[in-house]
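Q: Need a 3D model of the following:
(3 chains)
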Amino acid sequence: MPPLNEQTLSAARDGLAKGDFNAVELTQAHIAAVEAARPLNAFVTETPERALAMAVESDKRRSAGQAGMLEGIPLAIKDLFCTEGVLTTAGSHILDGFQPPYESTVTANLWNQGAVMLGKANMDEFAMGSSNMTSFYGAVENPWRRSGDNRPLVPGGSSGGSAAVVAARGALAATGTDTGGSIRQPASFCGIVGLKPTYGRCSRWGTVAFASSLDQPGPLTRTVRDAALMLRAMAGHDAKDSTSVDRPVPDYEAALTGDIRGLKVGIPKEYRVDGMAAEIDTLWQQGIDWLRQAGAEPVEISLPHTRYALPTYYIVAPAEASSNLARYDGVRFGLRVPGNTLDEMYEATRGEGFGAEVQRRVLIGTYVLSAGYYDAYYNKARQVRTLIANDFSKAFENVDVVLTPTTPSAAFAVGEKMDDPIAMYLNDVFTVPASLAGLPAISVPAGLSGDGLPLGLHLIGRAFDEETVLKAAGVLEEAAQFTAEPGFIAGRG
Amino acid sequence: MALIEGKTGQWEMVIGLEVHAQVTSESKLFSGASATFGGEPNANVSMVDAAMPGMLPVLNRRSVEQAVKTGLGLNAKINLTSVFERKNYFYADLPSGYQISQHLHPIVGEGTVVLDMADGTTREVGIERLHLEQDAGKSLHDQHPSKTYIDLNRSGITLMEIVSKPDLRTAEEVGVYLAKLRSIMRYLGTCDGNMEEGSMRCDVNLSVRKPGDPLGTRTETKNVNSIRFVKLAIEHEVHRQIAVIEEGGRIVQETRLFDSVKGTTRAMRSKEEAHDYRYFPDPDLLPLVLDQAWVDEVRQALPELPDAKKRRFVEKLGLSPYDAGVLVNDKETAAFYEAVIAGDKRDAKLVANWVTGDFFGALNRSGVALSEAPVDADKLGGLLDLVSDGTISGRIAKDVFEEMWENGKTAADIVEAKGLRQISDTGALEAMVDKVIAENPGQVEQIKAGNEKLLGWFVGQIMKATQGKANPGMVNQLLRKKLS
Amino acid sequence: MSVDRTTVAKIAKLARIRVPEENLDGLAGELNNILGWIEQLSELDTDGVEPMTSVVAMIPPQREDTVTDGGRPEDVVRNAPESVGGYFVVPKVIE
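A: You can find the predicted model right below:
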C-alpha cells in the first residue's frame, strides 16, 4: 500500500470503508504531509488541530454507521471560502484577521459529508491571477520542475495553493474556484484534474466574490473519479444563492463507464491560436486520437467568436469585481489604515490593502462602467458574451463535448510574465470561453512538455452535463496513463 | 396657477417629488433580518445587510407584491420584467459600496394621482415610476466629537421610490400630494406612511422660471421628514432661488439639506464631486419576471381605494364631495364611517354630519386615536338611532354624546337614566302650550298683531320648562295652530 | 480612447484607492495597454444582440417574508477594526 497521503481520494474512501485505516490515521498522515510541503507555501493557514478533531468525530460517525460520502477525507480549502471562526483572507492584506462568523455552503456541504479540513490554501489575491504571484501571502511553488532546471515554477492560479498541495500529495483533494480558468489552468500546470462545474451547480454563498456572473466553485483532484466524488458532495441547490440551480445532483461516479462509443467530440478550429507551442498542438491531436480509438467521433466545429472571449472577459470580470470589492473599506472587517476623514480612511485602506493586480482590475472595472464608457465597453462585452454563448449552443446541437488544450503553454517560472499583464492574461485563452458561457469544463493531465512539465487537455460540456464531461475525461485519463510525478512529493526524502 | 411676485416680475415654481416609502414587511428586501423600526444597534442585521464577504441577496416575495400593489393603486403600468441594478458609491452607511436599486427597468412605470384641493377642485399629478431599492444604514454624528457611529438596522429594508413628474406648482399641492400618496399606501397596507419614524421620506426637486419659459435649473432638497417641513423647505428654497437669479446669479444643480430648526436649506458640504454611480445589472440577481395572471390576481384583491370610495360616497350615498373627501382621506375614518352607517341601516348624511362634526371635534379635543375613542361605531350608531326615531332631539343628542365621551356609556342608558326621552305626547304638550299662552297675554297680542318672530320665544319658553325634552316640531305646530 | 494621469487619478478617486502621484503615469500606461487590447471588441458588429444578463436560464427565486436572520449584533461587529457599544465607528462624516 502506498503511504496514506499518496492514495487517491477514492482509494482512501475505500480503505476507510474497509477499515484498513481510520480517519485519524489518514488525517495524521496528511497533517505531516502539509507540514512537509511548507516549502511550497501552499497554505495561508494550516488547521491541524481542527483537522484532528474533525477526524475523531468522523471515526465516531463511521462506527455509528453514519458515514457520509467523503467521510474522513482530508481536504485543502481555497482561502476564498469563508470558514467559520477560521481566518479567511482571499489572499489579500485587506482581509487581515477576518474570521467569518459563518461557513460557506460548499464547505458546509463537504463537512456534512464527513470531510476534514487541513487548512486554507494560498491563492492569487481575490482570485485575480494565473500564477499565484499576486497573493499577499507570497508565491506558491509548483512541485514540478523543468528537467535539468531548478528554477521554481508557478503553480498557475488563482487556485495555485490548492493545485500545488494536491499535486504534492499534501491533501487528497482541494476546493477551488474558477472565474476564467482558476481551477483548470493550475490543475494543468500541476499535473492534476481540475473541474469547473456549470455556473449555478455549486453555491457561491460564503465564497468571497470576484466576478459574480462567472465565479464557480469546483474540485481539484488527482483523478477524474476523485473529481466526480468531490463534485457530488460540493454541488446542490442553495436557497441562499439566487443563481443556484434547483435540480438534482446525479451520482457522477456512476457516469464513469468508460464507454464513449458514438460520442461526438467537437474540435474547434479557432482554438489553433497563433504562437501556440507545437507540443500543445501535438498533445491535442493525441487527445483526439485517444477519443477516436475509444469509439468517439471527432467533428471539426466552429466557435467563431473565440478570439473575442479574452477581451470580453477582461471587461466583464473587472467591472463586476470593481463593485464586489467596494465592501473592503476598513469599516466592518479586515484592515483599516487610519485617515482624517472617511474618504481618506477608505483610500488609505484600499491603497495599502489591495495589491497591484487587484488595483489594476478595480481601476479598469471602474473605468469601463463609468459614465460615457458603459456602452462602448461593458454593454458591448455583454453583447459579445451572448454571441460566445450562442456559438457554444449551436455547436452543442451537433456535438456532445468539446476538446481543446487547457493552456497554451506549460508552467512558467516565478517572476516571468509579471511585467506584461496581457501576456499573463493570455494564459486563460482556452479556459475563458467556457466560463463566459457558464459551461462545465475539466482539465485532465495528458502528457509532458519537452522539458518534462505536465500538460492538460480540456473538455467542455453542455450546461449541467458534467456527467458526459467526466465520462470523456475518464477515457482520456485512462488512455493517457499519466503516471509522471512532480519532483516534490510531501513526505518523500 | 399660483405665481410668486419677485422684483423682476412673476415667477412660477416647478416641483417634482421623490418619495421613499418603507414597504410594510416582516423582513428586509434581500435578507431575512427583521425590518422592525428601532432595536439595539446592529441587532436587526444579517451578514447580508452588513455586506460580509461572500454574502448574497435573495429577493423578498412580499416586497415585490407590495410594490405591485402600490403601482396598481397609482393607476400605473406594471412592468412584467424589471432589473435590479447596483448603484455604486462609497458611504459609511452603505456597507456593500453599492445600493441595489432599479434604474433602467423599474417594476412600475407611469401612473397618476388625483389631488383633491381644498377649494373642491381636483388636479392630476403624473407618476414617472416606482422602483424597489434598499435603504441605507444610519449614521450618528452626535455621539463623539471626531467619530461617526454606524448602525445598520435600517440597512437593506425595502424602499419604494415613487418619482412624480414635475407637475406640482405650489407648496399646497405638494402637501396634498404627499397626503394622498400616504392615504393610498395606507389603504393598501404597503407603507405605514409614518414620516416621523422615517418610513416615508421626501426629496424635493425644485426649479423656478418665468411663466412660459423652459424649465430652470433644479436643486434637490433631501430627506425632509414631515409634510409641514416639506412646505417650509419649498417656501425657503423658492425664495432663495428667485433671489439668486434676480441678483444676477445662477442656480447650481446641487443637493441641499433642509434645516428644520432654522427652516432653511443649505448646500451639502460633502462635495458633489462628479457622482458617477456606474449602474450595472446586479449579477447576483436575475431579472425579475412577473406573471400577468399573478398581477391580475393582485389587482382583483385590491381594497377599494380613496378615489373610488369617495365617488361611491358622493354618487350612492349622496354626500357632498367635500364631506366625502374628508371621510375617505384616512382609511380608518372611512372604515369607522361605514361601520356607523352599517350598510343602508342609517342615514348616510346624518352620520356624515355627526362624524365630521361632533365626533371629529371630540377626537381632536381629546387627542386620542380613532381606535381608542370612548365612543365606538356601535355606540355612535345607537345615539343616532335615538335621534332618527324621535326618542331624543338633535339638541339633546349633543349633550348625550358629550356624556358618552366622558363615561363610555351607551346613549340609551344615559337617556333612560336621565329621563331625556323627548316629550311627544300631544296631550301633555297641548297643556303646556295652553299654559304658556294663558300666562303671556301681551306676547300673544303682539303675535296676533303680526310679530311672527315671537313664535320662537314661545318655543323657547316650552323648551325651558321641559329642559329641552319637548319635541320642537310638535311644539311649533301646536303654537301655530293656537295662535293663528 | 486613452487615459491620462488625470483620468487615472479620477478613476482612483471614484474607486477610493490612493495612488501615489509618482505611480499615475505608470498606471496610465498599463491601463492604456489593457484598454487598447480590449478595444478590439469594437470591430465586432453587435447591433441587435441582447446583452447577456444571466448565463443561467431560470426563474429567479423569491423567498417568503419571514424573519430568519439577524439578532446576533455581536457577530456583526466582531471583525470590525473599531466599534463601540455595538456600533461601527468611522472618522467623522460631515454632510
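
Q: Looking at chain C, which residue reaches furthest from the middle?
A: When distances are taken from the C-alpha mean of chain C, C:Thr66 lies farthest, 30.5 Å away, according to CA atoms, centre = their mean.

Q: Leaving out the residues flanking it, which one is nearest to A:Ile489?
A: A:Arg169 (5.1 Å; CB to CB, 6 or more residues apart in numbering or on different chains). Every residue, glycine included, has its C-beta placed from N, CA and C.

Q: I figured A:Gly157 hits A:Asp124, correct?
A: Yes. If you go by CB atoms under 8 Å, A:Gly157 and A:Asp124 touch, sitting 4.1 Å apart.

Q: Which neighbours do these two have in common?
A: Common neighbours of A:Gly157 and A:Asp124 (criterion: CB atoms under 8 Å, 6 or more residues apart in numbering or on different chains): A:Ser130, A:Ser131, A:Asn132, A:Met133, A:Thr134, A:Ser182.

Q: My read is that the second one contacts A:Leu153, right?
A: No. With contacts counted by CB under 8 Å, A:Ser131 stays clear of A:Leu153, the gap being 9.5 Å.

Q: Might you name the residue of the stretch 1-150 of chain B sitting closest to chain A?
A: Scanning the stretch 1-150 of chain B for proximity to chain A using CB to the nearest CB identifies B:Gly97 as nearest, at 2.3 Å.

Q: ok so, going back, would TSV of the shared contacts of A:Gly157 and A:Asp124 with pLDDT and distance to chain B be doable?
A: Written out in TSV, the entries for the shared contacts of A:Gly157 and A:Asp124 read as follows (pLDDT from 0 to 100; distance: CB to the nearest CB, whole Å):
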residue	pLDDT	distance to chain B
A:Ser130	93	22
A:Ser131	94	23
A:Asn132	95	20
A:Met133	94	22
A:Thr134	96	17
A:Ser182	98	16
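
Q: returning to that earlier point: tell me the pLDDT at the residue farthest from the centre of chain C?
A: C:Thr66 is assigned a predicted lDDT (pLDDT) of 97.

Q: List the residues that contact residue 226.
A: With no chain named, the answer covers chain A. In this structure, A:Asp226 makes contact with A:Thr8, A:Leu9, A:Ser10, A:Leu172, A:Ala173, A:Val193, A:Pro219, judged by CB under 8 Å, 6+ apart.

Q: meant chain B, my bad for not saying
A: By CB under 8 Å, 6+ apart, the contact list for B:Ser226 reads B:Met195, B:Glu196.

Q: mind redoing it with 10 Å?
A: If a contact means CB atoms under 10 Å, 6 or more residues apart in numbering or on different chains, then B:Ser226 has B:Leu178, B:Met195, B:Glu196, B:Met200, B:Cys202, B:Leu232, B:Ser260 as its contacts.

Q: quick one: average pLDDT of the strand or helix carrying B:Trp294?
A: Secondary structure from DSSP states H and E places B:Trp294 in helix B:292-300. Helix B:292-300 shows an average pLDDT of 97 in the prediction.

Q: next one: stretch A:74-93
A: Per-residue pLDDT values over stretch A:74-93 give a mean of 98.

Q: just stretch A:453-463 next, same as before
A: In this model, stretch A:453-463 has a mean pLDDT of 98.

Q: That one close to chain C?
A: Yes. With CB under 10 Å from any CB of the partner chain as the criterion, chain C is reached by stretch A:453-463 at A:Ala463.

Q: Can I get that stretch as PDB, trimmed to CA atoms?
A: C-alpha atoms of stretch A:453-463 as PDB (Å, rounded to 0.1, in the frame of the first residue of the first chain):
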ATOM      1  CA  LEU A 453       6.200  19.600 -17.300                       C
ATOM      2  CA  PRO A 454       2.600  18.400 -17.200                       C
ATOM      3  CA  LEU A 455       0.100  19.500 -19.800                       C
ATOM      4  CA  GLY A 456      -3.600  19.200 -19.600                       C
ATOM      5  CA  LEU A 457      -6.400  18.500 -22.100                       C
ATOM      6  CA  HIS A 458      -9.600  20.400 -21.700                       C
ATOM      7  CA  LEU A 459     -13.200  19.100 -22.200                       C
ATOM      8  CA  ILE A 460     -16.200  21.400 -22.300                       C
ATOM      9  CA  GLY A 461     -19.700  20.100 -22.000                       C
ATOM     10  CA  ARG A 462     -23.300  21.200 -22.200                       C
ATOM     11  CA  ALA A 463     -24.800  23.100 -19.300                       C
END
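
Q: Run the chain-centre distance for that stretch.
A: Here the centre of stretch A:453-463 is set off from its chain's centre by 12 Å, with CA atoms, centre = their mean, to the nearest Å.

Q: ok, and does it reach over to chain B?
A: No. Using CB under 10 Å from any CB, no contact is recorded between stretch A:453-463 and chain B, whose separation bottoms out at 15.1 Å.

Q: Can you list the buried residues in that stretch?
A: Under the neighbour-count criterion of 16 or more other CB atoms under 10 Å in any protein chain shown, stretch A:453-463 has A:Leu453, A:Pro454, A:Leu455, A:Gly456, A:Leu457, A:His458, A:Leu459, A:Ile460, A:Gly461, A:Arg462, A:Ala463 buried.

Q: Over to the fourth one: give its phi and psi.
A: When you say that, I think you mean A:Gly456. Dihedral angles of A:Gly456 (phi, psi; degrees, to the nearest 10) stand at phi -110, psi 150.
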